[in-house]
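S.K.: Sharing a sequence plus its predicted fold:
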Amino acid sequence: MESLSGKHILLIGATGGIGRKAAKLLAGSGAILFLTGRNRESLAEVANACGVPQERTAVTDIGVEEQVKNLHQLFTASMPGIDMLINAAGVGIIKPMESLTTEDFMTTLHNNLVGPFLLMKYFLPDFKEKKKGLIINIPGVLGKVPMAGAAAYSASKYGLVGMLQSIREEVKRTDIRFTNLFLGGVDSPFWDTIDLRVQREKMIRTEEAARAIWFLCQQPLSGVVSEMVLQPFNHQAI
């Protein structure tokens, strides 16, 4: 496994259930982090817990281009380069079609697909300049196998996977690596606002999902883990 010590990592969504646990693991392994999140207070809390100075944090909604552009400026002003980009941000709206509004659908696409597009638009040139680096996204298992009620969510995640596969082809003659982490049900705040009967006690713990990210950040330079699937042993729906 490659060492994380001294690696410059941009972690998007550091204030989420998985993101904050991943931030602690990465910081504990000696990585130099730049953290983003949408909530200022939560971001400051995570940064303080990880020993990340304020100048290496940015309150950012990645679905807003001006904010991603500003994030890129702040990152390049405080970091000498980028070794890894981890996108742990996203929204989940699970509703049957008769309840799914146009606003629900567009919100999901904007956060889960347009946001990652903007990250690539502004940060991929930095990876191309170095001709190496690691980019990790979390399409979730619904970006591979859909379920009832996930029309908007699966559309956004299938789109994300397709977009990343295309970008991967653009840089295949470089050492820029892409890894997709397909997570099944994770007991995180994702489920707090979703009206679906599930057994959260049978879900993957946020610590386990974060450890998967931490592990993927240390994959050997001689190869690439193109994707990892981590899901609960038992089905959660009841």
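M.R.: Okay, I see it.
S.K.: use CA for all of it now, contacts and neighbours both
M.R.: Noted.
S.K.: which helix in this structure runs the most residues?
M.R.: helix 151-170 (DSSP state H).
S.K.: so the closest residue to residue 159 other than its chain neighbours, which of the three states?
M.R.: Of all residues beyond its chain neighbours, the one nearest residue 159 is residue 113 (6.6 Å), with distances taken as C-alpha to C-alpha, 6 or more residues apart in numbering. What DSSP: H, G, I helix; E, B strand; the rest coil gives for residue 113 is helix.
S.K.: quick revisit: next helix or strand past the longest helix of the chain?
M.R.: Next helix or strand after helix 151-170 toward the C-terminus (DSSP states H and E): strand 175-183.
S.K.: what's the residue nearest to residue 112 when sequence neighbours are not counted in contact with, if anything?
M.R.: With C-alpha to C-alpha, 6+ apart as the criterion, residue 112 has its nearest non-adjacent residue at 5.2 Å, and that residue is residue 90. Each residue near residue 90 by C-alpha atoms under 8 Å, 6 or more residues apart in numbering is listed here: 13, 111-112.
S.K.: So what's the predicted local confidence for residue 90?
M.R.: At residue 90, the pLDDT value in this model is 86.
S.K.: and residue 77, how many residues sit next to it?
M.R.: 12 (other C-alpha atoms under 10 Å).
S.K.: Check whether it sits in a helix, strand or coil.
M.R.: Three-state call for residue 77 (three-state DSSP): helix.
S.K.: Follow the chain on from the helix or strand of the chain with the lowest mean pLDDT and name the next helix or strand.
M.R.: When each helix and strand of the chain is scored by mean pLDDT, DSSP states H and E, strand 186-187 comes last, with a mean of 56. Downstream of strand 186-187, the next assigned helix or strand under DSSP H and E is strand 204-205.
S.K.: And that next one, what does it pack against?
M.R.: Contacts defined by 3 or more C-alpha pairs under 8 Å, 6 or more residues apart in numbering; DSSP states H and E place strand 204-205 against strand 186-187.
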